[in-house]
Structures are given as C-alpha cells and as structure tokens.
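In: Have a look; sequence and predicted model below, questions after that.
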Amino acid sequence: MESSSPLIRLGVCLAVGMSMALGQSDPLASKSIGLMFADADHFWAVAADGAHYSRIDPFPDPADIRNGSLPFRGVVRGGSSRSSSLVLFFNYAVSDSVTVAGLAAVGGDNKSPMDSLVFVRSKAHNNSNTLGIEFSALQLRKDSVLLGAGRAGLGWAKLRPENGGVFAQDSIAFSALITGVDTLVPALRCAVDANCPVDGLDAAAKLGAPDSVSALAIDSSAADSIWILVGTQTGLRRGLWGGKAFPKVALPADKPDAPIRIESIHADASHRVLWVFSGSEYFFSDDHGKSFHKPPVVAALATKPTALSGFLAPPEVAVIGDTSFLNFNLDRPGLVAFNRDTMTANSGTGDFGDVVLDHENGLDIARGEGRLTTLAVLSKGSVTALAAGSLGKGMFLRKTGTGETGGWKNINSLKALQGGLSEVITFPTLFTGINSSGPTQYTNIGYRLKRDGKITITVYNYGMEKVRTLVKDAPRKGGGSRSENPSEDRWDGTDTGGRPVSFGTYYILVQSDQGEKGWGKAIAVHGRNP
C-alpha cells in the first residue's frame, strides 16, 4: 500500500482531458448548481454532480454560455477564481489508509491540468489525527494559494500562470493548528504528485490535538496588513499572511465557552464586510476580523436576526456596495438583504416571509422544488450582475444598473440528451433518512431516459464503496417524465442490511441496460456513528 508508483499513477490517472462546448448561448450544463464563482468577466457554475460546469457571460442578452466537463466526478469540495480561470479542489478516499487530494486549474482553453497529494497512513498511525488530513478549504491571492488541509492545518504554495498548470513548486509544507496553542506547528512536507506519509502529524499532536481547518478567508482591505481568517472545528483563528501566530478570536456565541465549529467565512475586501457562520449562528465584523458582533435587532421588523439560525447548510453571501445578500436556505427560497450589519426592512404584511423576502429578493421556487445553493457577483461598467445557483432550477440572474430593471431571470434549460443521461437530480440533497424522532425521510432520484430500458440504481459512499443497490434491472420508459416510479426510485439512507448510514456524502449511479448512465449526490445529515 505504501509503495509509491501505484498511488502516483492513481493521482495522474484522474487528470483526464476536459472538453468545452463552443457554441454560443448554450443552455446550462445542469439544472443543479453546487458551486458558483466569478472571474473578471464571467460566472462559473459548477454542477452539483461535480462533473460538469458552465462558463457564463451574463451581460449579453441572451447570456453567452459555454459548457465543459471536469476531469473528476462527484468529489468537488470547493475552490476559487483567478482572472479568467478556476482552481478547484477535491478529495478521493482510495482506502482507509490512502486519500488523494487534488487541485485542478480549469480554464477556457480545453485543458485542465491537475496536481495531487497522496496522503498515506501506516497502520500504526491510522488514527483520528491522520484520518482527518485532506483538502478542506482554499483561498487565492495573486499567484499564491492558501490551502486548508483538515488536521494538517495550513499550507502555502505558488501557482503557475493561468493556463500553465497548477503548482509552481514540487512540494508543499503544512503547519498544524494545535488546540490551545496560538503558534503554527510544522507538521508535514509533501511532494506534489507523489506519496506523502502523514505519520509525522502524530509528533506535532504531542503538543495537543490538531484543530481541523474547515473554512478560510483572506481580508486584504486593511491598509497595511493582509489578514487570514481560519475556521476550525473549535472556533475562529486570525493571523497575518505569512505569519506564525494564529490566536483564537472571541465570538459572541450563545455558548461562548463551548467549542464552536466554523462552517464558512465570507470576506469582502473592498467594502470592509466580514461574515462568519457556525452551524447555527452568524457574526459580523467591520474591523478586519479583530472583533465580531451579532446583527442588531431592528424595531420595525417582525423577524429578529436571531430567528435566522439553525442552518440546514451554511448561508452564502454576495455583497454589492453596502448591501449584503444572505441565503439562509429558507422554506421560501430567496435572499435576506442587510445594509452592512442591519437587516433591511422590506415592505409587506409583517409575516415572516414578507419581512425577509420581498418581491425583489424572493425567487420563483415553490416549496419542494429545490433550494438556493450558492451566490456570486460580477460587474461590468455601470451594470452589476447577481447570480444565485439552485438545486433543480438552474441559475437565477439579476442585473442592476444602467438600462436594467433589476428583476430576476431564470436560466434553467438542460442540454439535449446526447449519448445518455444528461444528469441525475436528487431532492432533497440533504436529508436525515431514518430518524427515531420523526418520520423517515427520502432523497428522491430523478432522471430521464432517452429510450426504454431496464435501470439499476446503486448508492456508493465517499470512498466509492457500494452501500446498497436500490433497484436492479427495473423496467422504465424513455422520453417521458423524469422518473415514473417515485416510490421506488428513492433512498431512505440505509445500507444493504437496513442500517442507517453514517453522516456524509453519498453518490448515486443510475444506469440502463441501453448504455445510459448518470450520477447524483446526496448528503445524509444524521445516521449512525462511523
């Protein structure tokens, strides 16, 4: 397992070619968008299946959309944009002892170079510290990338010029964040595209438990300093770019003395706006993360900011001027507007939905049809475009400025079926499955066959091990509704033995005996302990 050549070959084999459709104004590659980014001129919408993307120029009418395929399937975790390209990161668990973590540079040149780090754990060091080593967060600044590596902490690296590759160096050093220790502790040095033994993290762990990195942000709006905000499993840390000191930052949480996992961070460098989200609370800073407070209560609002808590998924943020648009994944999808840290009083009856979602910020998604997933902002001249990705409804686009009305436009068309299933949609993507405290929940599996056939639906875990076959060789008609057997084409979150699966991400393969196949993704938010 620890010989170098097979694992190096695995990392290299994942780097297959990328293709891009060059026709103007193509429909989106997918109705379900998991991630969205903005470069200098375009939006990038990454499909929730982790296999496809659309590059969108929103300013022409109709929008100019070019589609492409990513060099890996179903495991995109996040990324960031450069001036005209993306850097995406992913992980792939080969076994309990091996995790491949990779970065891919995705551009508009029909190429997708990729580099990987193969984290290898010996049996003697296959423990809670080393199992938590993977790419967990990423931020870019000019030609440098800041990587979160789970329990391995932080790593800095140089990138090649755009369209020239990924890493500009042959190895990356990681420094751990030890619980109760403010200073970074050297942990690992990993060669790129080679095996990286991670047993050395246990030596750093003698100082205390490694604190796992879950989110990153860079605040470069200070006149003389570049601050890094690091979200971890136990709280928020802050330090200077290139520095070694990363002490904890006090947050006004409901339980300030308890560990608080930071789920996401949003820093807007040009407007001195910084939002931090835990699993149930959110905090605001306008002094580059030195101090935080909760949004104030507005007397004219029937809904208090504290009512927007207990998130199904970490909220997303987009900033235009002094306005922050926050997606709280409410039952009625839409955006809550804040003027800096203060919730805007919308016109309406005073009911919850009218207060936080007026006709301008509410979106055309009925309950049960899907939810918003991601936001991005792009400006060109006097026009600003706000994009909201969704599960099942494609992308919502809203343009404001000279000659624009400010209304939402839905871009949700699918490409015509070519060579099989164009996508598999699971709804809800986040579900609890069997739950002793309430009714069983299912994730429904939607697909559309091109022709009649017998389908098999199989669920795989994060390591691509088979969890359960839901249906096998079941007859389904082609060309009609997305799924004619909704009572069968669904999953209750259990394995072959009927046991609830553990919390995590699962991949669903739908394949037909006629050669059609497609992938979906579901996330179990409850379950048995691993």
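Out: Received, thanks.
In: In PDB, could you pull the C-alpha coordinates for stretch 261-268?
Out: This file holds the C-alpha atoms of stretch 261-268, laid out as PDB (Å, rounded to 0.1, in the frame of the first residue of the first chain):
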ATOM      1  CA  ARG A 261     -17.300  24.800  14.600                       C
ATOM      2  CA  ILE A 262     -16.900  27.400  11.900                       C
ATOM      3  CA  GLU A 263     -18.700  26.300   8.700                       C
ATOM      4  CA  SER A 264     -17.900  29.200   6.400                       C
ATOM      5  CA  ILE A 265     -16.400  32.700   6.200                       C
ATOM      6  CA  HIS A 266     -17.000  35.500   3.700                       C
ATOM      7  CA  ALA A 267     -14.700  38.500   3.500                       C
ATOM      8  CA  ASP A 268     -15.300  41.300   1.000                       C
END
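In: how about it: buried residues?
Out: The neighbour-count check on stretch 261-268 (16 or more other Cβ atoms under 10 Å) flags Ile262, Glu263, Ser264, Ile265, His266, Ala267, Asp268 as buried. For glycine as for every other residue, the C-beta is placed from the backbone atoms N, C-alpha and C.
In: Adding secondary structure, write those residues out as CSV.
Out: CSV is the format used below for the buried residues of stretch 261-268 (DSSP: H, G, I helix; E, B strand; the rest coil):
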residue, secondary structure
Ile262, strand
Glu263, strand
Ser264, strand
Ile265, strand
His266, strand
Ala267, strand
Asp268, strand
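In: Out of the residues you listed, which comes closest to Gly50?
Out: The shortest approach to Gly50 among these belongs to Ser264, at 18.7 Å (Cβ to Cβ).
In: how about that closest one, what does it touch?
Out: By Cβ atoms under 8 Å, 6 or more residues apart in numbering, Ser264 lies in contact with Ala215, Gly231, Val276, Phe277, Pro314, Pro315, Glu316.
In: Now, those residues that are in strands?
Out: Applying DSSP state E to the contacts of Ser264, the entries found in strands are Ala215, Gly231, Val276, Phe277, Glu316.
In: And the furthest pair within these?
Out: Maximum pairwise distance among the ones in strands among the contacts of Ser264 (Cβ to Cβ): 14.8 Å, between Gly231 and Glu316.
In: Can you tell me which of the ones in strands among the contacts of Ser264 has the largest number of neighbours?
Out: With neighbours defined as other Cβ atoms under 10 Å, the most crowded of those is Gly231; it has 27 neighbours.
In: thought it was touching Asp211?
Out: No. Using Cβ atoms under 8 Å, Gly231 is not in contact with Asp211, being 10.2 Å away.
In: beta partners of Ala522?
Out: Note on Ala522: beta-bridge partners Tyr506, judged by DSSP bridges.
In: how close does Thr179 sit to Gly289?
Out: Distance, Thr179 to Gly289, by Cβ to Cβ, to the nearest Å: 20 Å.
In: ditto for Ser324
Out: 16 Å.
In: Now do the same contact list for the spatially closest residue to Pro247 that is not a sequence neighbour.
Out: Spatially, and ignoring its direct neighbours in sequence, Pro247 is nearest to Asp182 (4.2 Å; Cβ to Cβ, 6 or more residues apart in numbering). Counting by Cβ under 8 Å, 6+ apart, Asp182 touches Ala245, Phe246, Pro247, Lys248.
In: For Ile262, see how far away Asp182 is.
Out: 17 Å.
In: Selection in ChimeraX covering whichever of the contacts of Asp182 are buried, please.
Out: Applying 16+ other Cβ under 10 Å to those leaves a buried subset, and the ChimeraX line that selects it is:
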select :246,248
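In: Just the ones of the contacts of Asp182 in strands?
Out: Mapping the contacts of Asp182 onto strands (DSSP E) picks out Lys248.
In: Kindly reformat the contacts of Asp182 as CSV containing pLDDT and distance to Pro161.
Out: Listed next are the contacts of Asp182 as CSV, based on pLDDT from 0 to 100; distance: Cβ to Cβ, whole Å:
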residue, pLDDT, distance to Pro161
Ala245, 97, 32
Phe246, 98, 30
Pro247, 97, 35
Lys248, 96, 37
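In: Could you work out the most separated pair of the contacts of Asp182?
Out: Ala245 and Lys248 (11.1 Å).
In: Do a quick rundown of the strands in the stretch 101-250 of the chain.
Out: Taking DSSP state E, counting those that start in this stretch, the strands of the stretch 101-250 of the chain run over residues 114-120, 137-141, 144-148, 154-158, 171-176, 185-191, 195-197, 213-219, 227-232, 236-240, 248-249.
In: would a markdown table of those with distance to Thr458 be doable?
Out: What follows is these, written out as a markdown table (distance: least, Cβ to Cβ, whole Å):
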| stretch | distance to Thr458 |
| --- | --- |
| strand 114-120 | 26 |
| strand 137-141 | 31 |
| strand 144-148 | 32 |
| strand 154-158 | 36 |
| strand 171-176 | 36 |
| strand 185-191 | 33 |
| strand 195-197 | 30 |
| strand 213-219 | 30 |
| strand 227-232 | 34 |
| strand 236-240 | 40 |
| strand 248-249 | 44 |
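In: residue ranges with poor pLDDT in the stretch 401-530 of the chain?
Out: Applying pLDDT under 70 to the stretch 401-530 of the chain picks out residues 413-423, 434-438, 462-463, 480-486, 526-530.
In: go with 90
Out: Filtered on pLDDT under 90, the stretch 401-530 of the chain yields the residue ranges 401-453, 460-466, 476-489, 492-493, 498-509, 511-530.
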